[in-house]
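Engineer: This is a predicted model, with the sequence first.
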Amino acid sequence: MPKTRHALTAALFLLSSTVMASAEEASLWVRTSSEAVLKGLAERYNAARPDKITVTAITAEQMVPKLGAALAAGTPPDGAVLDLIYLPTFAAAEGLEDITDFVKSRPYAAAMSPSHIRLATYEDKIYGVPALPDASIIAYNTDLFAKAGLDPAKAPASLTEIAADAKAITALGNDTYGFYFVANSGSWLIYDFLPHIWAAGADILGEDGRTATVDTPALRETIAAYRDMQAAKAIHPTSRSGNGNNAVEAFASGKVGILMTGSYIVNLLTSKYPDVKFAVAPIPGPSGGQSSFAGGDTLALMAGVDDEKKRVLLDFVDFYMSPENQVYVTKESGMPSRTDLAAEAYSGFDKRNIVAYDILPKARTPYTFSSDELFVSRTGPFVNLIQEAVFGEDVDGAIKKAQDEFTRILERTNP
C-alpha cells in the first residue's frame, strides 16, 4: 500500500507539474473606457482556465503613440484592444499578427460586425476581431413630437423628414429646438454626420481609403438639409461649439426634439433621466435608407507574438464570443460583439437597445491610414467642412477646400 500511495502521489505531482508548465500568461492592453468590462471578462476567463489574461489599461489619448513606441522598441504587449479606426494604420505598418484563418474558421464568423472586420483587413488579410462595438442612432423626444402635431410612433425615415420635424418642434417656442448634433468634434461628426451619406450609398473616401470622394450629391443634399434647419434656427445654439456632454444634457432637459447620438443613450437616459419620454431610430439618408457609424474596439494580436500566447489570446476570443459572455458584455458595456444574439443579449434589457444592435450590420467606419489628420483634428478638413458648409456662407468653396485638403493628406500618408 505505501508503494501504491507513493506511486499515485508521484503521478499526481507529475500531472500537476505538466499542467503548470503548460499554463501561459498573455498580456492585453485596453483603453481605459473599456477597462471594466475587459478586466471582468479576463477574470471570468482566468477562473475557468489554467492560462491567464492580464489586462493593462491605457488612456485613449496614449494608446496609439504608446503602442507604436512599444512596437518600435520590440516590447509590445501580446495583444491590444484599440479603437477600430486605427487598425488599417497598424496593419499597414506590419505591427499586427495575421489571424485570417482563425477568423474565417469560427462558427460565429458571419455574425461579427462587418465594419470591424473591414477595418481589420489589409491586403486581404484579417488582423483583428470586434471586441466592444457601438453604433450611432437618433433619439427623439416623443412628448415634443406629440406637442408639435407629429406622430410619436413614426420615426423620421429621411433627413428631409428630420428637418421638417425639427422645424415643427422649434415652432413650439419657449427655447425649444428641433435638432442637436455635435459640430465641434471630428470624432462626433464621423459618428453622427457621415451615416447620412452612407445611407445614401455614397462615401467621403474610396473603398480602399486612398482617395477622397468628398463632393457627392449625397453630401450636398445632407448639407442642404442641415442648412435648412440652421436657417430656421432649429439647431440648438450650443451644437456648433459644444461637446457630447452638452448634447445629452440639452436633450435630457426636454428642450430638444431630435438628437444625433449613440447606442449608449438608451441605458443612460433610462438610468439618469427616467422622466424623459423618448424613442430611438437608425440614422437616415437625405431621401431614405439607413446607416450608422460602427465604433468601439477591436482586439488585435501584435506581430510575431509567441505561439503559446497567441493560442491563449485566440482562446480568449472564443471565450468572450460565447453566448453566455456576450450577455455579460451587454450588461456591462451595452452592445455584444456578435450580431446574431439579440434574444439572449437583450432579454433582460430595454428593447430600444435593439435598434442600434440591428443597424450594426449596415454600419460603416472610414477606412483610412490617417484618421486623426482627416477626421479627428479640431483644425482638420472634416471639422472645417462641416463648420463652414453648415454654418458659413460659401458651400461650394468649403466642399472644394475639403476635397483638396483630403487629397493632399492622403497622397502624403497612404502606405
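Structural biologist: Okay, I see it.

Engineer: Tell me how far residue 243 lies from residue 181.
Structural biologist: 12 Å (Cβ to Cβ, to the nearest Å). C-beta coordinates here come from the backbone N, C-alpha and C atoms, glycine included.

Engineer: Comparing these two, which residue is more hemmed in?
Structural biologist: residue 181 (25 against 13; other Cβ atoms under 10 Å).

Engineer: who are the neighbours in contact with that one?
Structural biologist: By Cβ atoms under 8 Å, 6 or more residues apart in numbering, the residues touching residue 181 are 188-189, 192-193, 226, 235, 239, 247, 259-260.

Engineer: nearest residue to it other than its sequence neighbours?
Structural biologist: residue 260 (4.2 Å; Cβ to Cβ, 6 or more residues apart in numbering).

Engineer: Show the average pLDDT along the host helix or strand of residue 316.
Structural biologist: In the assignment (DSSP states H and E), residue 316 maps to helix 307-320. Across helix 307-320, the average pLDDT comes to 98.

Engineer: distance between that helix and the chain's centre?
Structural biologist: Offset of helix 307-320 from its chain centre (Cα atoms, centre = their mean, to the nearest Å): 23 Å.

Engineer: burial of residue 153, as a residue count?
Structural biologist: Neighbours of residue 153 using other Cβ under 10 Å come to 9.

Engineer: meant to ask about residue 174, not that
Structural biologist: Applying other Cβ under 10 Å, I find that residue 174 has 5 neighbouring residues.

Engineer: other SSEs contacting the helix or strand following the helix holding residue 316?
Structural biologist: The helix or strand immediately downstream of helix 307-320 is helix 323-333, counting by DSSP H and E. Here helix 323-333 touches helix 35-48, helix 307-320, helix 342-345, going by 3 or more Cβ pairs under 8 Å, 6 or more residues apart in numbering; DSSP states H and E.

Engineer: The shortest one: what's the following helix or strand?
Structural biologist: Right, the one you point to is helix 342-345. Elements were assigned by DSSP H and E; along the chain past helix 342-345, the next helix or strand is helix 353-359.

Engineer: who are the neighbours of that next one, in terms of helices and strands?
Structural biologist: Counting contacts by 3+ Cβ pairs under 8 Å, 6+ apart, helix 353-359 is packed against strand 129-141, helix 265-272, strand 278-281, helix 342-345.

Engineer: Tell me which strands the third one pairs with, and in which orientation.
Structural biologist: Here strand 278-281 is paired, per DSSP bridges, with strand 129-141 (antiparallel).

Engineer: so what does the helix or strand just after the strand it pairs with touch, helix or strand wise?
Structural biologist: Of the helices and strands lying after strand 129-141 in sequence (DSSP H and E), the nearest is helix 142-147. Using 3+ Cβ pairs under 8 Å, 6+ apart as the contact criterion, the elements in contact with helix 142-147 are helix 159-170, strand 256-262.

Engineer: I'd like these laid out as TSV, including mean pLDDT, distance to residue 343 and mean neighbour count.
Structural biologist: Converted to TSV, the helices and strands packed on helix 142-147 look like this (pLDDT from 0 to 100; distance: least, Cβ to Cβ, whole Å; neighbours: other Cβ atoms under 10 Å):
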stretch	mean pLDDT	distance to residue 343	mean neighbour count
helix 159-170	98	31	22
strand 256-262	97	23	27
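
Engineer: Quick one: closest of these to residue 54.
Structural biologist: In terms of Cβ to Cβ, the element of the helices and strands packed on helix 142-147 nearest to residue 54 is strand 256-262, at 29.8 Å.

Engineer: Now do the strands in the stretch 101-250 of the chain.
Structural biologist: With strands called from DSSP state E, counting those that start in this stretch, the stretch 101-250 of the chain shows them at 121-122, 125-126, 129-141, 177-180.

Engineer: before we move on, back to that, determine which of the helices and strands packed on helix 353-359 shows the lowest mean per-residue pLDDT.
Structural biologist: helix 342-345 (a mean of 89).

Engineer: gap between residue 287 and residue 158?
Structural biologist: 5 Å.

Engineer: Ignore what I typed, I meant residue 103.
Structural biologist: Distance, residue 103 to residue 158, by Cβ to Cβ: 36 Å.

Engineer: Name whatever forms a beta bridge with the residue nearest in space to the middle of the chain.
Structural biologist: The centroid of the chain falls nearest to residue 295 when counting by Cα atoms, centre = their mean (0.9 Å). Residues in a beta bridge with residue 295, per DSSP bridges, are residue 134.

Engineer: ok, it touching residue 131?
Structural biologist: No. In this structure, residue 295 is not within contact of residue 131 by Cβ atoms under 8 Å, at 11.7 Å.

Engineer: which residues do these two both contact?
Structural biologist: Contacts common to residue 295 and residue 131, judged by Cβ under 8 Å, 6+ apart, are absent.
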